Structures are given as C-alpha cells and as structure tokens.
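**Q** only geometry, no sequence info:
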C-alpha cells in the first residue's frame, strides 16, 4: 500500500520536445544526401545575395579596378535620384495593370473553357499558345505588330477607318506603358486561366445542385459558391502574378529598352541599364537590394497563404 502511495505521489515525467541539436544528431545520415544540394543552393543563391548586399555599400568606378567603401550613400542616391519616383510609378503601373487585366481575362477564359462546348479542347490549346511562347519571341512579335508604319495593328486600324495616320504605340510616351501592359497581359493571362480552371474543376458540384434546388440563379451561385470556393486559388494566383510582373524584364527591355524618355523604365530594367550600360555595379546593387526587400514582402504573404490552409487542417485534426 505504501509503495502504491509513493508511486502516486511521484511527479509524472513530462515528455520534452526534441531540440534542434538532437534532431540534427538523430537525422545526421540524411544530411549526407541533401548536403550536396544545400551546397549548390548556397553557392548559386545565397552567395550572390550576400555579395550583392556587400557590393551595395561600395562605389565601383569604371576607370579603376578597386572599389571604394561609401556606406549607405548608394541607397541615399537611389531615393534622391531624379528617376526613382518615375521608375517606381512605371513599375506600379506595369505590375498592377498587368495583374488586373490578366486576372480579368484569365478568369473569363477559365469560366468559358470550364463549360462543355463543341471543340473546347481546340479552344483551350489556342488559349495556351501565348503562355508557351518564349519571352523574347513574344517581345519581338509584338514589337513588329505595333510598329507604326509596318505593323499589322496600325495598318488595320487605318484600313477600317478608325484612325487616319500611323499610331506610334511604342514611341509615344502616353501610349507606351499601356501597350506594354497589353502585351504582358496577352502573355500571362493563360497562367491565370490554368490556375483558376483547376480551382473551378475542384468545386463540389453538389453545392450547385443544392443552390439550384433552393432557387438560386446563376449569378447568385457565382457570388455565393464559386467566388468563396476559389478564394484560396485566387489569392495564390494573384500573389504569384504580382511577383512575376514586378520581376519581369524581357518584354519591356526588348520592346522599348526603357524609352521613350524613360517612360517605360521599370525597376528591373533600371538595374540592368545602370549596372551593364553605365558600369555602376554598387549603385545597381543598391537598387537590387531594394527590389529584393519588396519581393520578399510579397513572398512572405505568399508563404502565409500557402500555409494557412495547412495550419487549419492540423488544428482540425488535433
């Protein structure tokens, strides 16, 4: 009886969660397999990032081989540069314009191809063509189509009587950004269509049947069922599209090179022109770090969106 009382009085051992060191020791053999991949990742990704951050604190004169430490003067020059606010305005216009228009067009295309229509397979294949074309191919194709004298668009508008003279889509400062957004929308909307089409096909059809039994019309079903069910896919697609457009380079650079008069200069082309053309690697590195911070914010929210559903499922299981 005394032994039983002593056992009941003794504290119950609490199982401690494994520490990071203990888990590393426990899984030490697994690191031999992932070690080479981690080394290559560090060499390809982490080292250039650290080198860029370090280089952003230096001045790199083109006429001298050595670099000079100048602290944060590159960053101060970036924010005080005459092109900074113009470039940021162009970047925001490019990113938001391309994202909104590609989302609207991609959503409409997803709703259309989700129906069982004749030759829908062929229609899907045609809509995918812009996405599978290369960036350079797309840029040169639309550069020719939008040519004021030889381009199909300007000639066709003149033939049907909408305009009386050639339209300088890429040469007019008031038209160039809208033209680039149009081209980028044509290029990226199939990605939105594919993502949203996958989400549409995953919506349970029983919800629509129950809604029709309750007397809901098509618009009510779209607002009350389709949109809420697609919201996780919409959020992920939007964040990915924003990051891709913000970091896009090929189409604006090949089509305009930032012109005319820097009216199509976005932050990624500004980095390239400053570093490669003007050989100001320290200044270009400072702009790159600023771009990295902005993209990291979007990436953070992207990861939060992806892990939100996982956390909820784990809580439900517990």
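**A** That came in fine, so what should we check first? As the structure is a prediction and not an experimental result, all values here were calculated from the model.
**Q** Now residue 107: which helix or strand?
**A** helix 84-113 (DSSP states H and E).
**Q** Check which element follows that helix along the chain.
**A** Downstream of helix 84-113, the first helix or strand assigned by DSSP H and E is helix 120-132.
**Q** Which strands or helices does that next one pack on?
**A** If contacts are counted by 3 or more C-beta pairs under 8 Å, 6 or more residues apart in numbering; DSSP states H and E, helix 120-132 sits against helix 84-113, helix 176-201. Every C-beta, even on glycine, is put in place using the N, C-alpha and C of the backbone.
**Q** would JSON lines of those with mean pLDDT be doable?
**A** JSON lines is the format used below for the helices and strands packed on helix 120-132 (pLDDT from 0 to 100):
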{"stretch": "helix 84-113", "mean pLDDT": "92"}
{"stretch": "helix 176-201", "mean pLDDT": "92"}
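**Q** which residues sit against the one helix or strand residue 137 maps to?
**A** Here residue 137 sits within helix 135-145, counting by DSSP H and E. For helix 135-145, contacts defined as C-beta atoms under 8 Å, 6 or more residues apart in numbering pick out 130, 133, 150-153, 170, 183, 186-187, 250-251, 253-255.
**Q** List the contacts of the closest residue to residue 70 other than its chain neighbours.
**A** Of all residues not flanking residue 70 in the chain, residue 59 sits nearest, at 4.8 Å (C-beta to C-beta, 6 or more residues apart in numbering). Taking C-beta under 8 Å, 6+ apart, we find residue 59 in contact with 67, 68, 69, 70, 73, 74, 282, 283.
**Q** With residue 240 instead?
**A** 191, 195, 302.
**Q** tell me the phi and psi of the residue nearest to residue 70?
**A** Here is the backbone geometry of residue 59 (degrees, to the nearest 10): phi -100, psi 140.
**Q** can you check residue 58 too?
**A** Torsion angles at residue 58 (phi, psi; degrees, to the nearest 10) stand at phi -120, psi 150.
**Q** contact partners of stretch 161-169?
**A** 146, 148, 149, 151, 153, 154, 157, 158, 175, 176, 179.
**Q** and residue 179, what does it touch?
**A** Residue 179 touches 146, 169, 170, counting by C-beta under 8 Å, 6+ apart.
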